[in-house]
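> Here is the input, now give the coordinates:
(chains A and B)
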Number of protein chains: 2
Amino acid sequence: MTITNNTTGWTVQEWKKFHSESTPDHSYQVLSDLLSSLAVAPADPAWISICTKSELKHQWAILQSKSDKHKLPLYGVPVAIKDNIDVKDFETTAACPSFKYSPERDSTVAKLLKNAGAIIIGKTNLDQFATGLVGTRSPYGKTPCVFSDQHVSGGSSAGSASVVARGLVPLALGTDTAGSGRVPAMLNNLIGLKPSRGLLSCSGVVPACKSLDCVSIFSTNISDAQLALDILAQPDTENDQYSSSFPSNPLLKFPTTAHSPLKIAVPSELPWYGEVENELLYKNAILDFKNNLNCQIDSIDFAPLLELAKCLYEGPWVVERYVATKEFFQSNPPSESIDPAVSSIIASSKKFTAEDCFNFEYKRQAILQKVNQIISKYPVLIVPTAPLNPTFDQIAQQPIQVNSQQGTWTNFVNLADLSALSIPTGFKINGLPFGITLISQKFNDYALLNLASQYLSALHPNRFIGSLKHKLIGDADKLISNIPKPDLSKSIKLAVVGAHLTGFELHWQLEICNASFIAETKSSSNYKLYALPKTGPVAKPGLRRVGPTESGKEITLEIYSVPIENFGKFISLVPEPLGIGSVELKSGEWVKSFICEEIGYLQKGTKDITEYGGWRNYIESTQALSKAKKKPF
Amino acid sequence: MTITNNTTGWTVQEWKKFHSESTPDHSYQVLSDLLSSLAVAPADPAWISICTKSELKHQWAILQSKSDKHKLPLYGVPVAIKDNIDVKDFETTAACPSFKYSPERDSTVAKLLKNAGAIIIGKTNLDQFATGLVGTRSPYGKTPCVFSDQHVSGGSSAGSASVVARGLVPLALGTDTAGSGRVPAMLNNLIGLKPSRGLLSCSGVVPACKSLDCVSIFSTNISDAQLALDILAQPDTENDQYSSSFPSNPLLKFPTTAHSPLKIAVPSELPWYGEVENELLYKNAILDFKNNLNCQIDSIDFAPLLELAKCLYEGPWVVERYVATKEFFQSNPPSESIDPAVSSIIASSKKFTAEDCFNFEYKRQAILQKVNQIISKYPVLIVPTAPLNPTFDQIAQQPIQVNSQQGTWTNFVNLADLSALSIPTGFKINGLPFGITLISQKFNDYALLNLASQYLSALHPNRFIGSLKHKLIGDADKLISNIPKPDLSKSIKLAVVGAHLTGFELHWQLEICNASFIAETKSSSNYKLYALPKTGPVAKPGLRRVGPTESGKEITLEIYSVPIENFGKFISLVPEPLGIGSVELKSGEWVKSFICEEIGYLQKGTKDITEYGGWRNYIESTQALSKAKKKPF
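Residues are numbered from 1 along each chain as shown, chains lettered A, B, ... in the order given. Predicted structure coming up:
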């Protein structure tokens, strides 16, 4: 059987659609053919290992044995995993042949991917022990970026970025301690999500700096990253001492109103190390945010963040790399298996004392006081992901300096415990990509995806993905609705009746309260609806429950889930004669709802609009009427 | 002039009352006489230094120059400060004569006390460099507890506890890294508040372990501690990298209802090191909580907390003590000025490497995952403050062991970033006091004071304070209302009308939402009030705003400040036909308020009770009526 489907560049949704329309045998065959088309290092330095045919068969058989398998969010989707993350039946090398071991169990993230239906097709190359931002520090080969064999893929997650950007798999996991999940995303025209520390378990991951490490997500588009985050962000406190959980209803969207744009900070001074075009691409991207997305851009002094970044290289955090590899290095491994840059970095940890650890921690805490002031004023920071698209030659000539320059805007993020998302913004004349990173406080990961979705959908609606110039983005940068699912146990169901309905003037009040749409429905038939006399800029209805001797009608409502801690903010925006009480739905359920004091609908000028069955119908009919009236003129 | 007032044992309120009824000259004379009555070490080992008459005059003159000085919360109140906290015009010794220096400025806490009107009358003795829980490690002398010259005052804040317990001053500051603010509180029958880390600035405090240090509060009673906390908890992020702030409306009271008591965890196993009576006192205190205070007591395994405590002594945190005193010890100070136990502890830090720092931090984080599980299930833990009342002889014989035993229940608290409050619970037959410590998560300091106030007011209403057997507590363990002031910018003002009024059946719903009472007031005269037909266990009114042609009446309301993030919780408890809308007050202000759907007061059986002017009047009149009716029987 030959490949009947060219899977190159398929998004998660395209893979799922294919499988849903395919027979299991055909599905398997396509995965098998994909696998046959792959080569490992040195032929393709992006892959350190790929699964054997029998392992693929095994994974497929397990997937087929699951009940409701077609409902799994990653059913049959091939994914790649950086080779410092354990996957059972693969060896873990961390890009060091002599370090190699066969893990007894899946890392937590690999297990979650498999539970979600994914097929783990291979393990990818990296800067050895995830030490580097260049992607060249590996005995398995130096991974080029997908646009040029003279330029690096970036690191440390070089291989994961390469295989996604070439469209071999839609998703890959990396790790990101100092920028390893963001720099390769930029250099390969990808989305690189560095989730808030602890959201994705590091259990089963070879530590780089255990106190800072994050598992990161590479995808070609926003919706795939959003889906992966939803699947992977699971608490794992028993296995990972740094594991943490989203608050019950994480922020979905940065709140803005017509009068209060999103405040974004950008660095007032940026070192470009001689790079000219990326500077321009960066400025243009910032202008795009300013001019198209209801954002206020302020240039501010990033000195505290840069000072924090310096701590990472000057301070004792490198000792964590030593702690993680101590036993291995004490075993006198063969020198040809060790990258000299990596071993010299790890060896440099010897100079640090316990005193240094505390002194640098004091220093970090003092800087964090300043960082927190910035973050409390600016919900979002935007920086270049990296300043440069380095060549292999440049790295060879100045291995440490270029590496350090590339980390200018990534190094501080985990030391400050922030969330970060690298997104593509355009290309240099030579076809190499540039990217920016959106940064926000911890647990704003979904809000960052939302902002990126707005930007990319509005400014780059026809962008191509990865290196596939024929493969346009389509709807894949648009968010999937209801991911994450609202936590109904920590929310209040609210029925809205009038100006808060989707598309109406006060709908933003639900948005700034981080509310999620649940359903459109109707009240029981015990209600009347009135158009209240317009006293301000916004027309509003009043809902009235009728008595037993009166007849009402079912009124159309929209139900939202409002996080319980934001309900006060919402109600503070509700003026008299309206209030929040309870409404009986046609299902018999009672939910919180707008109600109206009697004095509201007894006012002169009130109109009974019950017959319309809802505010939207009434407004549309008056608009139709007013259009009709206007026609003669 | 002789002492006309015996100030011994005066609480803050008594000092303030005296000053408010006194002339400035007389006030000054009394403070001056107090000062004259004091002696410093070696005569009184509790004081390392006291202020000179001219310094007192100077402080008094500054106070007199302030506008509205009589409104200051600590006007003219003498306080003592542990001698590792800088106060201008006093030398700071940290109980090490050769370490002595003259600070150029006040520590932040000293400045806040002075700004609040306090007179800093002296500096108190401590275990050198705050290293110890015994109070005997000082060249300035060994402070005995106030009940026995054979028994230690405890440490390290030995002197501060002694001078408060003897009633010389109503308030003193200590520091508390591993228990130094709690152990001496127990041994001297005091309140010892170890605030959440960072709430009280450590700027101008000689560090012990900078990442863990807290300034602590000693008082004889709860209300003085509450007031001091309110004055001292001020952010100081520029000067203290560990400075933090309360959330906008910190928890005032642990929420309980008739059906959900406060869940308290106590250790299932307690080492008593041979002590018998304290064990009994502890058990009785726990029983008192269980039987008298709507608490559910669960014995649980405290292993994670004890493991954390061990980290403090076995791990590298002692390196912080070395960092803090390094320069001093490198100057080869005279050996007679150094306590040998303290110097050997600090010297022990040399064995720790940078690797140890990270490994112990990993260990701590893993333990904290387990601690957080306990804390999320149990809002309060209750432990013995310390197991023993050691004698000087016992300390001399086993200086390290007794010190370590005393820290069993205190050592873990700052490593887990918790709040803690030590309170007295009774006395042994030999007259020595015992105490327990209430522990809760960060920022629950006020809720701990509330719980302690309930316990002490209910179970020990006639206790004496400190060592002053003639001086009974009176109302001083009762909380001062409206401390802390609610943050109105982060709250919603809510008018309640009926069953939520103080003393009525649903008032608890305000309490569990951390609401603060603001005022009783009346609505505008545009309202009518109805007694709704009773459909459940609780009778409720409905408030109705009348139209322009109808006449209403002013209705009595109570206004509460509900933290905005808890308003959703509140509204979720409000059933139809009631809701939350807005009410016009007689002042013309509109605030959120209960409103009622028309269908509510149109029900059969509804009674217009507007003439009563409020729900309380109506209910009281019906009760009077029903009593009157019952009389004949």
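
> and the stretch 501-633 of chain A, which residues reach chain B?
A:544-547, A:562-569, A:571-572, A:574-584, A:590, A:592, A:595, A:597-599, A:602 (Cβ under 8 Å from any Cβ of the partner chain). No exception for glycine: its C-beta is placed from N, CA and C like everyone else's.

> Could you turn the buried ones of the residues you listed into a ChimeraX selection?
Command for ChimeraX that selects the buried part of these, burial taken from 16 or more other Cβ atoms under 10 Å in any protein chain shown:
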select /A:544,545,546,562,563,564,565,566,567,568,569,571,574,576,577,578,579,580,581,582,583,584,590,592,595,597,598,599,602
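
> Return the subset of the residues of the stretch 501-633 of chain A next to chain B lying in strands.
A:544-545, A:562-563, A:578-584, A:590, A:592, A:595 (DSSP state E).

> Mind picking the two most distant members of those residues?
Taking Cβ to Cβ as the measure, these reach their widest spread between A:Arg544 and A:Pro563, a distance of 28.5 Å.

> Residue numbers of the stretch 101-250 of chain A in contact with chain B?
A:210-211, A:237-238, A:241-243.

> out of those residues, which are buried?
A:210-211, A:237, A:241-243.

> does chain B sit close to the longest helix seen in chain A?
Longest helix of chain A, by residue count under DSSP state H: helix A:354-377. Yes. Contact of helix A:354-377 with chain B (Cβ under 8 Å from any Cβ) involves A:354-359, A:361-362, A:365-366, A:368-369, A:372-373.

> Would you write a ChimeraX line that selects the buried entries of those?
A single ChimeraX command selects the buried members of these (16+ other Cβ under 10 Å):
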select /A:354,355,356,357,358,359,361,362,365,366,368,369
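
> how about a markdown table for the residues of helix A:354-377 next to chain B, with pLDDT and distance to A:Leu31 added?
Formatted as a markdown table, the residues of helix A:354-377 next to chain B follow (pLDDT from 0 to 100; distance: Cβ to Cβ, whole Å):
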| residue | pLDDT | distance to A:Leu31 |
| --- | --- | --- |
| A:Ala354 | 98 | 51 |
| A:Glu355 | 97 | 55 |
| A:Asp356 | 97 | 50 |
| A:Cys357 | 98 | 48 |
| A:Phe358 | 98 | 52 |
| A:Asn359 | 98 | 53 |
| A:Glu361 | 98 | 48 |
| A:Tyr362 | 98 | 53 |
| A:Gln365 | 98 | 49 |
| A:Ala366 | 98 | 53 |
| A:Leu368 | 98 | 46 |
| A:Gln369 | 98 | 52 |
| A:Asn372 | 97 | 47 |
| A:Gln373 | 97 | 51 |
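
> got the angle between the longest helix of chain A and helix B:354-377?
50 degrees (axes from the mean of the first three to the mean of the last three Cα atoms, to 10 degrees).

> how about helix A:354-377 as CSV, C-alpha atoms only?
The C-alpha trace of helix A:354-377 is given here as CSV (Å, rounded to 0.1, in the frame of the first residue of the first chain):
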residue,chain,number,x,y,z
ALA,A,354,26.0,27.9,49.7
GLU,A,355,26.5,31.6,50.5
ASP,A,356,26.2,32.5,46.9
CYS,A,357,22.9,30.6,46.7
PHE,A,358,21.4,32.7,49.5
ASN,A,359,22.9,36.0,48.3
PHE,A,360,21.5,35.5,44.8
GLU,A,361,18.2,34.5,46.1
TYR,A,362,18.1,37.7,48.1
LYS,A,363,19.1,39.6,45.0
ARG,A,364,16.4,37.8,43.0
GLN,A,365,13.7,38.6,45.5
ALA,A,366,14.7,42.3,45.5
ILE,A,367,14.5,42.4,41.7
LEU,A,368,11.1,40.6,41.9
GLN,A,369,9.7,43.4,44.0
LYS,A,370,10.4,45.7,41.0
VAL,A,371,9.2,43.2,38.4
ASN,A,372,5.9,42.8,40.3
GLN,A,373,5.4,46.6,40.1
ILE,A,374,5.7,46.3,36.3
ILE,A,375,3.5,43.3,36.1
SER,A,376,0.8,44.8,38.3
LYS,A,377,0.7,47.8,35.9
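
> Who are the packing partners of it?
With contacts defined as 3 or more Cβ pairs under 8 Å, 6 or more residues apart in numbering or on different chains; DSSP states H and E, helix A:354-377 has these neighbours: strand A:262-267, helix A:303-314, helix B:318-330, helix B:354-377.

> Show me the contact partners of it.
The contact list for helix A:354-377, computed with Cβ atoms under 8 Å, 6 or more residues apart in numbering or on different chains, reads A:263, A:265, A:300, A:304-305, A:307-308, A:311, A:315-317, A:319, A:381, A:412, A:415-416, A:418, A:440-441, B:210-211, B:237-238, B:241-243, B:316, B:319-320, B:322-323, B:326, B:349, B:352-354, B:356-358.
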